[in-house]
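Asks: Quick one, what's the 3D model for this:
(one chain, ligands or ions: 1)
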Amino acid sequence: MTVTSLPGWWWPKGRYSRHQEVAMLVNVYTGDQIRAAEKPLLDTGYGPALMGRAAYGLAHHIAHHHSSARGRGLYGARITALIGPGNNGGDGLYALAHLARRGAAVAAVLTRDRAHPEGLQAFRAAGGRVVDHIPPSTEVLVDAVVGTGFRGDFVRPQVPGLEILNDDAALRPLVVACDLPSGVNADTGAAGEGVIAADLSVTFGGMKQGLIAGRGGTLSGMLHTVPIGLERHLPKTPVRLTSVQEPTNVSSPLPTDHKYSRGVLHLVAGSSAFPGAALLTAGAAVSTGVGMVVLQAPEAVRSRVISAYPEVVGVPPSSTPAAMDRSDGVVIGPGLGDQPQLLSEAEAVLEHVLESGTACVLDASGLGLIRDQLRRRGGLSTNVLITPHVGEARRIAVMLRDRVLASMLDSGSAKADPVEAARRVAGSLDCSVLLKGSTTVVASPQGEVLLHRAQAPGLATAGTGDVLSGILGALCATQEQDWLTVAAQGVSMHTAAVQRIDPEGRGRFGASAVVRAMG
Ligand SMILES: NC(=O)C1=CN([C@@H]2O[C@H](COP(=O)(O)OP(=O)(O)OC[C@H]3O[C@@H](n4cnc5c(N)ncnc54)[C@H](O)[C@@H]3O)[C@@H](O)[C@H]2O)[C@H](O)CC1
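Replies: Numbering: from 1, shown residues only. As a prediction, this is how the structure comes out:
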């Protein structure tokens, strides 16, 4: 039944060797692509069959999650649904009819004066009650107000009893979204304030981008995809969701390896204002596993880093590009701050990278160097991966004088579209982009996209970006891979380290703990 289940904290165990990384890739579609795939089937009379499969799958997942959460079967379970006027409401009604036949006490609140007629009939025939409020004893609340047919702004239905959602976690019902939380844009993940956050979304036909990207990714909870027979009608998609089982270290060293063959990473990081960033980046790189880490930084920064990681080799910030002759990868930016001298030395390194084609991660203060490269070359180059968070990406939008991009990066706006934004930056700068956020979006200049839903809220703390840069730098120095692959491995290692130290997502740790958890 389920092709995709993304429970967030764990992934089904398989038989993989310790040093093998197994990427689980899932195709991701826009709501419009799913609707287009449905069309030929609807046109040939298969609508009821599709809805039947969707409803059965929804009922199955509700039953499963209810019994996991409550530790008992479905008999007597109190399940209420908010039902909208379209097919999304129809799915909800048929699903409740299934659950009623398995002994659940089901109720529906109709949010409009009309509802899917056959669905309503089936619901009533199975013993379902239409009510005008959410019964306080509701254990599962199904949100089936609007699905992919949603347009415009969403206003949460004013239904008496809905304040049950504000109850303590122990009393609050399990909230299950039918296809997607009502009011989430299935294409982009844009969502207004009225959307009800789901614990679980059961989606139909294919994984929708809006369930993963932007605010939608924070409102959709656990994800299940129910196949309903659209597969051969779905287009080839350039967007995939990645998760990595047991991300371990980079490829294990071979018996014939030496430090140079395992990759040399050149870091341009740290300043008197931000020495810690260099420590975190270097520490993460060392722990990821790489032949050698060279740190180009002011003397005071070098000595602090080397006292923590004696294996790091220091070179002064004024080093000529000859110091990089053996480098297989470069990281420029963490903790550089805004001192003109350090930035111009970093600029020289970036120039060398763009000339030589060495793989380079450009992060934090290093992103400010893009402005000059736009003037000089009109962009960057495909050997570069930039790793902005949304605020930094907005500054890039200003450099590019791209207002459409700026609106796509405004998470509160109905135009918010982080996937398209990352693609647009990648295309404009001719480099790969890793847009950080609760869902990380990695885009190549050719328009391919990888999404990674971290579900590690504790990552929102100072210095974790420096750790990620160190990981990505080590991976690019040791591997001959494309940026999408390296980025997918890097974000997975980063998240996995956090999940090891903070499995319950309490957030009581700092970035140094993430480095320690890397080993
Ligand atoms: N097509 C199929 O056979 C299948 C569809 N599935 C499910 O159906 C929905 C899409 O159904 P559709 O009827 O096209 O749209 P919705 O039910 O999502 O919504 C249409 C309904 O909602 C009202 N509406 C639109 N915008 C708003 C708004 N901003 N605020 C309030 N109400 C709004 C509008 O009046 C329409 O009447 C899909 O998500 C699936 O759940 C199944 O997948 C099976 C196959």
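Asks: Contacts only, for the closest residue to residue 381 other than its chain neighbours.
Replies: Ranked by C-beta to C-beta, 6 or more residues apart in numbering and with sequence neighbours excluded, the top spatial neighbour of residue 381 is residue 354, at 5.2 Å. Using the backbone N, CA and C atoms, a C-beta is placed for each residue, glycine as well. When contacts are counted by C-beta atoms under 8 Å, 6 or more residues apart in numbering, residue 354 touches 373, 377, 380-381, 383-384.
Asks: now these as TSV including neighbour count?
Replies: Converted to TSV, the contacts of residue 354 look like this (neighbours: other C-beta atoms under 10 Å):
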residue	neighbour count
373	21
377	13
380	26
381	17
383	18
384	27
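Asks: and the closest residue to residue 498 other than its chain neighbours, backbone torsions?
Replies: Nearest residue to residue 498 in three dimensions, chain neighbours excluded: residue 456, at 4.2 Å (C-beta to C-beta, 6+ apart). With angles defined as degrees, to the nearest 10, residue 456 sits at phi -140, psi 80.
Asks: What is the burial count for residue 456?
Replies: Counted with other C-beta atoms under 10 Å, residues neighbouring residue 456 total 23.
Asks: And for residue 392?
Replies: 21.
Asks: related to what we said a few turns ago, among the contacts of residue 354, which ones are in strands?
Replies: residue 384 (DSSP state E).
Asks: And the residue nearest to residue 381, how close does it get to residue 379?
Replies: Separation of residue 354 from residue 379 (C-beta to C-beta, to the nearest Å): 10 Å.
Asks: any idea where the helices of the stretch 301-450 of the chain begin and end?
Replies: In the stretch 301-450 of the chain, the segments counted as helices under DSSP state H, counting those that start in this stretch are 340-356, 370-377, 390-399, 403-408, 418-429.
Asks: Buried deepest among those, which one?
Replies: helix 418-429 (a mean of 25; mean count of other C-beta atoms under 10 Å).
Asks: Contacts only, for the residue in the stretch 351-500 of the chain that the ligand sits nearest to.
Replies: Nearest to the ligand, among the residues of the stretch 351-500 of the chain, is residue 414, at 10.7 Å (C-beta to the nearest ligand atom). Applying C-beta under 8 Å, 6+ apart, we find residue 414 in contact with 153, 185, 190, 192.
Asks: picking that back up, so the residue nearest to residue 498 is in contact with residue 502, correct?
Replies: Yes. Counting by C-beta atoms under 8 Å, residue 502 is a contact partner of residue 456 at 7.1 Å.
Asks: Quick one: mean pLDDT over stretch 90-100.
Replies: For stretch 90-100, the mean pLDDT works out to 98.
Asks: Which positions within that stretch qualify as buried?
Replies: Within stretch 90-100, the residues scored as buried using 16 or more other C-beta atoms under 10 Å are 90-100.
Asks: Return the member of these nearest to residue 68.
Replies: Closest approach between the buried residues of stretch 90-100 and residue 68, by C-beta to C-beta: residue 99, at 15.4 Å.
Asks: Which positions in the helix or strand containing residue 514 come out as buried?
Replies: Taking DSSP states H and E as the definition, one finds residue 514 inside helix 511-516. Judged by neighbour count using 16+ other C-beta under 10 Å, the buried positions of helix 511-516 are 511-515.
Asks: Among those residues, pick out the one closest to residue 494, please.
Replies: Of these, the one sitting nearest to residue 494 (C-beta to C-beta) turns out to be residue 514, at 7.2 Å.
Asks: just curious, which of the contacts of residue 354 is nearest to residue 404?
Replies: Nearest to residue 404 among the contacts of residue 354 is residue 380, at 20.3 Å by C-beta to C-beta.
Asks: Please state the backbone phi and psi of the residue of the stretch 351-500 of the chain closest to the ligand?
Replies: Backbone geometry at residue 414, expressed as degrees, to the nearest 10, gives phi -70, psi -20.
Asks: And it, what's its pLDDT?
Replies: Residue 414 carries a pLDDT value of 91.
Asks: Can you say which of the contacts of residue 414 are buried?
Replies: Among the contacts of residue 414, the ones that count as buried by 16+ other C-beta under 10 Å are 185, 190, 192.
Asks: What parts of the stretch 1-150 of the chain come near the ligand?
Replies: When proximity is defined as C-beta under 6 Å from any ligand atom, the stretch 1-150 of the chain approaches the ligand at 38, 42, 47, 50-51, 54, 84-89, 91, 146-150.
Asks: and these, which of them are in helices?
Replies: 38, 42, 47, 50-51, 54, 87-89, 91 (DSSP state H).
Asks: Reformat these as CSV; add distance to residue 349.
Replies: Below are those laid out as CSV (distance: C-beta to C-beta, whole Å):
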residue, distance to residue 349
38, 51
42, 57
47, 59
50, 56
51, 58
54, 54
87, 56
88, 53
89, 58
91, 55
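Asks: Just the buried subset of the residues you listed, please.
Replies: Neighbour-count burial (16+ other C-beta under 10 Å) applied to these gives 38, 50-51, 54, 87-89, 91.
Asks: how about the residues you listed, which pair is most distant?
Replies: Distances among those were taken as C-beta to C-beta; the most separated pair is 38 and 89, at 16.4 Å.
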